[in-house]
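here's a sequence, model it:
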Amino acid sequence: MKIIVTGGAGFIGSHVAEHYAKQGNDVIVVDNLSRNRLLKKNGNNFKYNWNYLKKFKNVRLVKADANNTKILLNETNGADVIVHAAAQTAVTTSLMNPREDFINNAFTTFNALEAARKNDVKFFIYCSSNKVYGENVNRIAIKELKKRYAFTGKYANGVDETLSVDLCEHSPYGCSKLASDIYAQDYGHVYGIKTGVFRMSCIYGPRQFGVEDQGWVAWFTIATLLNKPITIYGDGKQIRDVLFVTDVVSAYDAFIKKSKTSGVFNLGGGPKFSMSLLELLDTLKKLTGKSSKISFDKPRASDQKVYVSDISKARKLLNWTPKISSREGLKILVNWVKDNAKLFG
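Model prediction:
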């Protein structure tokens, strides 16, 4: 197959590219290497995944913006699959510059979908977000435990795909991801492209350059190992289900191989692989023997106290289930950060 990965030099995109390259497919990575600029961070680690993928002879790297219509149309000609991972990824960044967030999320997705339509691409995978549910998540009843909050009642097993995305606050990031999510669904209905929309919870793993604004599992791991202070926004009992990155790729692959129609899937570790911020810090202390200086601040705008995915739809329709436990995944991440500490100086 010919696989196009937009944002392929990013965290998830690079793992998608690696997976399909190892299977012998022709992989084209389209990335403008803008992550550090968008997050206003310094350093050269934004090229790490780009350089990592150079070792695969069947991966071709195209340094270009996915909003470049001419380039994207040309590169997707003859493609079987587009995995659209290119995006602006931080809620805080979207609040500061909503126009750029819209361009990098909603318009980029539209451009990729148009390329798929015009080139008769069979499969389109869209990396959506749990933020499409917005403040509706915070209307779900929760209970407070010693070190975490938890859903109760109907959503005790997590949020399923029927939760409303309407009539609530989202943040600009949530809006741009939701617009993209709906466009991807509609291109599946109207133009017959088999679209897999994956509303992802917290994804983590090696080659993730987490920062305070985005990628909290990786950021806490990096900060712990490098003795950097950590600020918790809220009380630290906020809970997310976490999913190791290779399990994400296996879900995409299952959709391509097994799904008979387009579909929307909540994708995370589910209740079994959920943790609060405080619980993650406890686990990291056990794994590393280290702990950072912790301070607390007020909760961030549009934050969700609890988000856990109900992944039963993906289990049923894709015959997919997470394989990497949270503890196993964290060990892999810790070892990767240790081996590459110079990247985070």
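
where is the longest helix in the chain?
helix 171-191 (DSSP state H).

quick one: Ile256 and Val81 touch, right?
Yes: here Ile256 reaches Val81: they are 6.2 Å apart, a contact under CB atoms under 8 Å. Backbone N, C-alpha and C define where each C-beta goes, glycine included.

shared neighbours of those two, anything?
Residues touching both Ile256 and Val81 (CB atoms under 8 Å, 6 or more residues apart in numbering): 123, 125.

more neighbours: these two, which one.
Neighbours per residue, other CB atoms under 10 Å: of Ile256 and Val81, the larger number sits with Val81, 26 against 19.

just give the nearest non-adjacent residue to that one, would you?
Excluding the flanking residues, the one nearest Val81 by CB to CB, 6 or more residues apart in numbering is Phe123, at 4.3 Å.

ok, which stretches of the chain are helices?
With DSSP H as the criterion, the chain has helices spanning 11-22, 35-39, 48-53, 69-76, 91-96, 98-102, 108-118, 171-191, 216-225, 245-258, 277-288, 312-318, 326-339.

so can I have CSV of these showing mean pLDDT?
Below are those laid out as CSV (pLDDT from 0 to 100):
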stretch, mean pLDDT
helix 11-22, 98
helix 35-39, 69
helix 48-53, 96
helix 69-76, 97
helix 91-96, 92
helix 98-102, 96
helix 108-118, 98
helix 171-191, 97
helix 216-225, 98
helix 245-258, 97
helix 277-288, 98
helix 312-318, 97
helix 326-339, 97
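
quick one: list the elements packing against the longest helix of the chain.
Applying 3 or more CB pairs under 8 Å, 6 or more residues apart in numbering; DSSP states H and E, we find helix 171-191 packed against helix 91-96, helix 98-102, helix 108-118, strand 123-129, strand 194-200.

neighbouring strands - and their directions - for the last one?
This means strand 194-200. strand 123-129 (parallel), strand 263-267 (parallel) (DSSP bridges).

the shortest one vs helix 245-258, what angle?
Looking back up the chat, that one is strand 263-267. Angle of strand 263-267 versus helix 245-258, following axes from the mean of the first three to the mean of the last three CA atoms, to 10 degrees, is 160 degrees.

average pLDDT across strand 263-267?
Averaged over strand 263-267, pLDDT sits at 98.

which residues are in contact with that strand?
By CB under 8 Å, 6+ apart, strand 263-267 touches 128, 130, 158-161, 181, 185, 195-201, 243, 248, 251, 255, 309-311, 313-314, 317-318.

tabulate the helices and strands packed on helix 171-191 in a markdown table, adding columns for mean neighbour count and distance to Phe11.
Shown next, in a markdown table, are these (neighbours: other CB atoms under 10 Å; distance: least, CB to CB, whole Å):
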| stretch | mean neighbour count | distance to Phe11 |
| --- | --- | --- |
| helix 91-96 | 19 | 16 |
| helix 98-102 | 17 | 18 |
| helix 108-118 | 22 | 17 |
| strand 123-129 | 25 | 10 |
| strand 194-200 | 24 | 12 |
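
now distance to Ala141 too, for those, in JSON lines please.
Shown next, in JSON lines, are the helices and strands packed on helix 171-191 (distance: least, CB to CB, whole Å):
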{"stretch": "helix 91-96", "distance to Ala141": "24"}
{"stretch": "helix 98-102", "distance to Ala141": "31"}
{"stretch": "helix 108-118", "distance to Ala141": "33"}
{"stretch": "strand 123-129", "distance to Ala141": "23"}
{"stretch": "strand 194-200", "distance to Ala141": "21"}
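
and the ones you listed: which comes nearest Ile3?
Proximity to Ile3, assessed across those by CB to CB, is greatest for strand 123-129 (9.2 Å).
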